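Asks: whatever this is, show me its structure:
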Amino acid sequence: MIVRKYKKRPVVIEAVHWDASTSIADIRRFVGDALRADKEGDYYIKTLEGNMYLSWGDYVIKGVKGEFYPCEGEIFEMTYDIIE
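Replies: Residues are numbered from 1 along each chain as shown. Presented below is the predicted three-dimensional model:
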């Protein structure tokens, strides 16, 4: 077995932060019909890996293939920098 080190390629993504400045309607405009609500009124996003629930404070990321998925706020902020 050969163990190698790898680093992520620099990829620019678009994302929306679900916080006090962003409504669920804003998120719906960003992701379209990928955003759904279950019977209890909790929101989730249909992703390539299945349904992923969205929590207050999460970022919603548009991936390199145009797919959407939520990411916990703390993890997102440790991983991404704003470029604008």
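
Asks: can you list contacts of the helix or strand containing residue 52?
Replies: Using DSSP states H and E, residue 52 maps to strand 50-53. With CB atoms under 8 Å, 6 or more residues apart in numbering as the contact definition, strand 50-53 has outside contacts at 36, 42-45, 69-70. All C-beta atoms are positioned from the backbone trio N, CA, C, and that covers glycine.

Asks: residue ranges of the strands in this protein, please?
Replies: Using DSSP state E, the strands assigned to the chain run over residues 14-17, 35-37, 43-47, 50-53, 59-62, 68-71.

Asks: switch these over to JSON lines; also include mean pLDDT and mean neighbour count.
Replies: Below are the strands of the chain laid out as JSON lines (pLDDT from 0 to 100; neighbours: other CB atoms under 10 Å):
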{"stretch": "strand 14-17", "mean pLDDT": "96", "mean neighbour count": "16"}
{"stretch": "strand 35-37", "mean pLDDT": "96", "mean neighbour count": "15"}
{"stretch": "strand 43-47", "mean pLDDT": "96", "mean neighbour count": "17"}
{"stretch": "strand 50-53", "mean pLDDT": "96", "mean neighbour count": "12"}
{"stretch": "strand 59-62", "mean pLDDT": "97", "mean neighbour count": "21"}
{"stretch": "strand 68-71", "mean pLDDT": "97", "mean neighbour count": "21"}
